[in-house]
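>>> got a predicted model here, sequence first, then my questions.
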Protein chains: 2
Amino acid sequence: MKTAVPERVKGVCCPPSIPLSIAKVDACVDVLKALADPTRLQMVGALKRSSQPVCICDFTAAFDLSQPTISHHMAKLRDAGLVEVTKRGIWAYYRLADRLEPRTRALLDVLV
Amino acid sequence: MKTAVPERVKGVCCPPSIPLSIAKVDACVDVLKALADPTRLQMVGALKRSSQPVCICDFTAAFDLSQPTISHHMAKLRDAGLVEVTKRGIWAYYRLADRLEPRTRALLDVLV
DNA sequence: CCGTTCCATTGACAGTTGTCTATGGGTTTG
DNA sequence: CAAACCCATAGACAACTGTCAATGGAACGG
């Protein structure tokens, strides 16, 4: 029964008891921060569902946000390693990163 | 070949072409925001690994943060519906929420 | 070569977030 | 009751974030 609370002794609170998994936490948090925004989450979802790289101008049209804001959000996804860009002529085409970590891939499969 | 970029016509950029899945995005983002912090992510991980509810004083001891800050982080996890509390005497025991949405559960399985 | 188109960067600004100190409330113990 | 203990809330403050307008750079077309 998981809800049966452990016994405690007053004043003996707070031994350093919790095993924390500090490794990879920061990297994980960076990915979560990148995804924790409505615009960026929808961007990633659209890229994941698309069979082709998507021109960023389409995102500029799809969201009610200025072009610099869209560019800014995409830059955050780039910095997090989630997306990659191919420039062709005056256009910039984005896609999900080719070599996502398996955990990150699994995360996207759950999310979008 | 997913990297073959689509053709474009100059000036015809930005048709309203991207199908966005607006539903549930905000709810999803709320969960992601709650998890997108090193302290909170480790808290959730510790709760997930623990077979018993964990006294919040243990978190106060485990992290190099003040007691109100720990309480504040746990409140954020509560507000996001990720954890639940049982009070007993002067102690507050936290655990993962009993009825997490399947998607949220899957998210935690990937993350922690 | 010059204007047009698309994209990224910069700078500014308001709103949110993480942290602390201070305080108060509830529970147990002397 | 009074003191000690644990926890949550309130207030303050610095740091970060999301947004926009303005600017500049690169590529294309006449």
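Ah, there it is.
>>> residue A:30 contacts residue A:80, doesn't it?
Yes. Judged on CB atoms under 8 Å, residue A:30 makes contact with residue A:80 at a distance of 5.7 Å. Yep, even glycine has a C-beta here, placed from its N, CA and C like the rest.
>>> just give the closest residue to residue A:20, not the sequence neighbours.
With sequence-adjacent residues excluded and distances taken as CB to CB, 6 or more residues apart in numbering or on different chains, residue A:20 is closest to residue B:42, at 5.1 Å.
>>> need the contact list for that neighbour.
A:20-22, A:25, B:63 (CB atoms under 8 Å, 6 or more residues apart in numbering or on different chains).
>>> just checking, residue A:38 touches residue B:24?
No. Assessed by CB under 8 Å, residue A:38 is found out of contact with residue B:24, at 10.7 Å.
>>> please identify which of the two sits among more neighbours.
residue A:38 (17 against 10; other CB atoms under 10 Å in any protein chain shown).
>>> separation between that one and DNA strand C?
Distance, residue A:38 to DNA strand C, using CB to the nearest atom of the strand, to the nearest Å: 12 Å.
>>> so what pLDDT did that residue get?
Note on residue A:38: pLDDT of 97.
>>> and it, how far is that from residue B:76?
18 Å (CB to CB, to the nearest Å).
>>> residue contacts, the residue nearest to residue A:13 when sequence neighbours are not counted?
Among residues not flanking residue A:13 along the chain, residue B:57 sits closest, at 4.3 Å (CB to CB, 6+ apart). Counting by CB under 8 Å, 6+ apart, residue B:57 touches A:13-14, B:91.
>>> one more: residue A:111?
Counting by CB under 8 Å, 6+ apart, residue A:111 has contacts A:35, A:41, A:44-45, B:28, B:32, B:107.
>>> and the pLDDT for it?
Looking at residue A:111, the pLDDT reads 96.
>>> check contacts around the most centrally placed residue in chain A.
Taking CA atoms, centre = their mean, the centroid of chain A lies closest to residue A:35, which sits 3.1 Å from it. Residue A:35 makes contact with A:41, A:44, A:82, A:107, A:111, B:32, B:36 under the criterion CB under 8 Å, 6+ apart.
>>> sec struct for the first one, please.
Secondary structure of residue A:41, reduced to three states by DSSP: H, G, I helix; E, B strand; the rest coil: helix.
>>> run a quick neighbour tally on it.
For residue A:41, using other CB under 10 Å, the count is 22.
>>> SS state for the residue in chain A positioned nearest to DNA strand D?
Nearest to DNA strand D in chain A, going by CB to the nearest atom of the strand, is residue A:13, at a distance of 2.8 Å. The three-state assignment at residue A:13 reads coil, by three-state DSSP.
>>> separation between residue A:77 and residue A:67?
Distance from residue A:77 to residue A:67, by CB to CB: 16 Å.
>>> more neighbours, the two?
The neighbour count for residue A:77 versus residue A:67, taken as other CB under 10 Å, is higher for residue A:77 (25 against 13).
>>> how much space separates that one from residue A:35?
From residue A:77 to residue A:35 the distance is 9 Å (CB to CB).
>>> give me the pLDDT for residue A:54.
The model's pLDDT for residue A:54 equals 96.
>>> hmm, residue A:94 and it touching each other?
Yes. Under the criterion of CB under 8 Å, residue A:54 makes contact with residue A:94 at 5.7 Å.
>>> can you check which residues contact both of those two?
By CB under 8 Å, 6+ apart, the residues touching both residue A:54 and residue A:94 are residue A:47.
>>> higher neighbour count, those two?
residue A:94 (25 against 22).
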